[in-house]
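A.B. asks: Sequence first, predicted coordinates after that:
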Amino acid sequence: MKQLFTLFRSALVSPFLLSCLLGAFVGCLLLLASCGGDDSSEVPPPPKTEVTLSVAPADLTYDPASPSSNVVTVTTNASWKAECPDSKLKFSPSSGTGNATIAFTDAPAGVRCTLTVTAGTGADAKKQTVEIFREADVPVQTVFSLDFGNGTNGVWAGSNDEWKTQTGTGASTVTYSVNNVRINNDNFGSAGKYTGASGKAYAKMFYDASTDYFTIHDITLPEGERNYTLTFGTIFPAADVSLMVSADGAVWRPLAYTGASAYNTWAKATVGFTLKQAVAKLSIRLAPTGTERTYGLNFDDIVLTTGGGGQEVDPVAGTDLRWAELPSNFESPSADQFVHTTWTTTVTSGRRVRNYTYCYDTRRHNPVWVAYPHHRCYMEGSGRSDEPWAADPALPESQQSKIYASSTGDTYQYWTADLVTGAYGSGYWSRGHLCMSRERPGKGLEINVQTFRPTNVAPQASEPSAFGKIWGNIEEAISGGTIPADTLYIVAGCYYENDNNWKEKDASNNGALSSLSKDCVMPTRQFKMAVRKKTVQVGKPIQECTADELETIAFWVESLTKSTATDKSQLDQFIVPISEIETAMGMKFFPGIPDAAKSRKGTLSAWY
């Protein structure tokens, strides 16, 4: 370096030498730059991050009644934007960065819109689309409206028709079932009610949960419609009265509603609901829950319109449940058994209902069991028909006992009585209804006449046997009192322990036989049993009840009993658990209810 400095100083006096030195110096610098300060390699640039995008759901049905459901979720690692060519689709936000939720606040009715979400930019951008559809708006239609008119004040609804002022597209098919409901038309003008009230008559229902109700049957609904709004005037809070709907009058489903803010303050209740499936007809029921109210449970202006919707209700749920009263051999009777259901029409409400179902033994020519529901609707008529004994048209006459006249003047319509007279010294086999004539009143009407058939009749020993009095007490215990608003389910039948020695002949008269007489095996025991809910829960299938919610009872009596226990208070000695009769009969009764309810012995005090 010292030498280089000496040369450089010398060059100051020699231009040529200075030029050479400068060139050499620059060359050294370039060499040093190319070699670098160390021996490391060049670092490549980082790779680009791939854009990700997911939008869900891909299909959305816009529901104006459910804002929380009108959203899509954007999942991405980039900035994004959302666009739709239809300006009527309203949504927010329209852009953002990273994950987000897009909410739709409006959509054109009857139109399918496409929302496109783009994440990222340029060639690396990702796109996904969402289809948004809103059903076309349907004009609101008044299906049913009842303002109770402006008729006489203080009349009972069950004996007066002035209040039946129903209008609407589905009103022509409507019938009513009411009990303990009065129609008032007094000083309650519109000012004393609520905005929009009719200002005319109104209904006053009383508060006994076991007896009182107001039911509108069979409102015809628009085809395919599922969304409805029900309104009515009320002076009671929702806790006072249950509101229910049904498609068939058998299964009732509750509707939640908000009633009056305080009792005896008129308010308009609005109930939006959506049927899980469209049905042809709908019934509406108001029933007290049992809260005692000084001025009754008043309501007015019942209106059902299309549109609205809200709480979902399935008015036919539970129809897959078998009828609660049917024993287990209903589906698969033995070769000698015939099972059939007899249908009828209620006297005033005109409802088509099952009268009773029977299992008849075509070899023994006597019944195995008769099962039937009991409800207030069966008690709408009055009187007993004039002994219209006749063959059951569902079964060949040769397979049923001939205990009826085949023609005018035919007196061969009884059983012989050897077993009865052998046990008591005298007497005969009487024709005992299993589904009672008294439980199906209606003189000369189908509902009552159908009970006078061999398939519903068991041979029962007459006096001096005590059987008739004992059996009468049993019948009164089960269904002789006030029938609750809920349904009572009953099965009565016969047990055959001795086929060989327990035979009589039918088609006889005081022991004299006819050409139609044949062997009939007589029952050695007879039974009657029932099940009901302990408290009224209209609309809840009995198969959905716990054992603690059910009341059961069963009676088991020898056909030729020697008992003298003919007082009602002595019935307890004939009570057995249902399970005991199940074991003897080899079948299940009320198979849909818990075994715990059938294995306990019923108490007479719960029924009498």
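C.D. replies: It's in.
A.B. asks: Could you use CA atoms for every contact and neighbour count after this?
C.D. replies: Will do.
A.B. asks: Would you map the strands across the stretch 51-200 of the chain?
C.D. replies: Here the stretch 51-200 of the chain has its strands, by DSSP state E, counting those that start in this stretch, at 53-56, 59-61, 71-76, 79-83, 90-92, 95-97, 100-106, 112-119, 126-133, 142-146, 155-156, 175-179, 181-184.
A.B. asks: okay, residue 281: pLDDT?
C.D. replies: pLDDT for residue 281: 95.
A.B. asks: Which strand residues bridge it?
C.D. replies: Here residue 281 sits in beta bridges with residue 220, as judged by DSSP bridges.
A.B. asks: Pretty sure it sits against residue 219.
C.D. replies: Yes. Using CA atoms under 8 Å, residue 281 is in contact with residue 219, at 5.2 Å.
A.B. asks: any idea which of the strands of the stretch 51-200 of the chain is most buried?
C.D. replies: strand 181-184 (a mean of 23; mean count of other CA atoms under 10 Å).
A.B. asks: contacts for the following helix or strand past it?
C.D. replies: On the C-terminal side of strand 181-184, the nearest following helix or strand under DSSP states H and E is strand 202-205. Strand 202-205 is contacted from outside by 147-148, 180-185, 212-214, 296-301, using CA atoms under 8 Å, 6 or more residues apart in numbering.
A.B. asks: do stretch 461-479 as well
C.D. replies: 420, 424, 426-430, 439, 460, 528-530, 555, 557, 559-568, 571, 604, 607-608.
A.B. asks: 7 Å - rerun?
C.D. replies: Residues outside stretch 461-479 that contact it (CA atoms under 7 Å, 6 or more residues apart in numbering) are 420, 424, 427-430, 530, 559-561, 563-564, 566, 568, 607-608.
A.B. asks: Which residue in the residues you listed has the weakest pLDDT?
C.D. replies: Comparing those by pLDDT, residue 608 comes last, at 82.
A.B. asks: now it: how far from residue 569?
C.D. replies: To residue 569, residue 608 is 10 Å away according to CA to CA, to the nearest Å.
A.B. asks: quick one: which of these two has more around it?
C.D. replies: residue 608 (15 against 12; other CA atoms under 10 Å).
A.B. asks: Kindly indicate whether the nearest residue to the more buried one once chain neighbours are set aside is helix, strand or coil.
C.D. replies: The spatially closest residue to residue 608, leaving aside those adjacent along the chain, is residue 477, at 5.2 Å (CA to CA, 6 or more residues apart in numbering). The three-state assignment at residue 477 reads helix, by DSSP: H, G, I helix; E, B strand; the rest coil.
A.B. asks: Count the residues that sit near residue 477.
C.D. replies: Considering only other CA under 10 Å, residue 477 is surrounded by 18 other residues.
A.B. asks: In terms of distance to residue 391, which of the contacts of stretch 461-479 ranks first?
C.D. replies: residue 430 (16.7 Å; CA to CA).
A.B. asks: do you know which of the strands of the stretch 51-200 of the chain lies nearest residue 254?
C.D. replies: Nearest to residue 254, of the strands of the stretch 51-200 of the chain and by CA to CA, is strand 175-179 at 18.0 Å.
A.B. asks: With neighbour numbers in mind, choose between residue 281 and residue 219.
C.D. replies: Set side by side, residue 281 and residue 219 show more neighbours around residue 219, with 23 against 20, by other CA under 10 Å.
A.B. asks: contacting residues for that one?
C.D. replies: Contacts of residue 219 (CA under 7 Å, 6+ apart): 170, 171, 173, 174, 281, 282, 283.
A.B. asks: Apply 6 Å and report the result again.
C.D. replies: By CA atoms under 6 Å, 6 or more residues apart in numbering, the contact list for residue 219 reads 170, 171, 174, 281, 282.
A.B. asks: ok, the residue lying closest to the first one once chain neighbours are set aside - how many residues close by?
C.D. replies: If I follow you right, that is residue 170. In space, and not counting its chain neighbours, residue 170 is closest to residue 220: 4.2 Å by CA to CA, 6+ apart. Residue 220 has 20 neighbouring residues, counting by other CA under 10 Å.
A.B. asks: any idea how far residue 220 lies from residue 49?
C.D. replies: 62 Å.
A.B. asks: Check residue 174 too.
C.D. replies: Separation of residue 174 from residue 49 (CA to CA) stands at 69 Å.
A.B. asks: for residue 379, same thing?
C.D. replies: 80 Å.
A.B. asks: Send me stretch 227-246 as PDB with only the CA atoms.
C.D. replies: Listed in PDB are the C-alpha atoms of stretch 227-246, where the atom choice follows Å, rounded to 0.1, in the frame of the first residue of the first chain:
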ATOM      1  CA  ASN A 227     -99.500 -19.600   7.200                       C
ATOM      2  CA  TYR A 228    -102.400 -18.100   9.300                       C
ATOM      3  CA  THR A 229    -103.200 -15.400  11.800                       C
ATOM      4  CA  LEU A 230    -105.900 -15.900  14.400                       C
ATOM      5  CA  THR A 231    -107.300 -12.900  16.400                       C
ATOM      6  CA  PHE A 232    -109.900 -12.700  19.100                       C
ATOM      7  CA  GLY A 233    -111.000 -10.300  21.900                       C
ATOM      8  CA  THR A 234    -110.300 -11.500  25.400                       C
ATOM      9  CA  ILE A 235    -110.700 -10.300  29.000                       C
ATOM     10  CA  PHE A 236    -108.500 -13.100  30.400                       C
ATOM     11  CA  PRO A 237    -104.700 -13.700  30.500                       C
ATOM     12  CA  ALA A 238    -103.500 -16.700  28.500                       C
ATOM     13  CA  ALA A 239    -103.000 -18.800  31.700                       C
ATOM     14  CA  ASP A 240    -106.800 -18.800  32.200                       C
ATOM     15  CA  VAL A 241    -107.800 -20.400  28.900                       C
ATOM     16  CA  SER A 242    -106.000 -22.900  26.600                       C
ATOM     17  CA  LEU A 243    -106.200 -22.300  22.900                       C
ATOM     18  CA  MET A 244    -105.900 -25.400  20.600                       C
ATOM     19  CA  VAL A 245    -106.200 -26.400  17.000                       C
ATOM     20  CA  SER A 246    -106.900 -29.800  15.400                       C
END
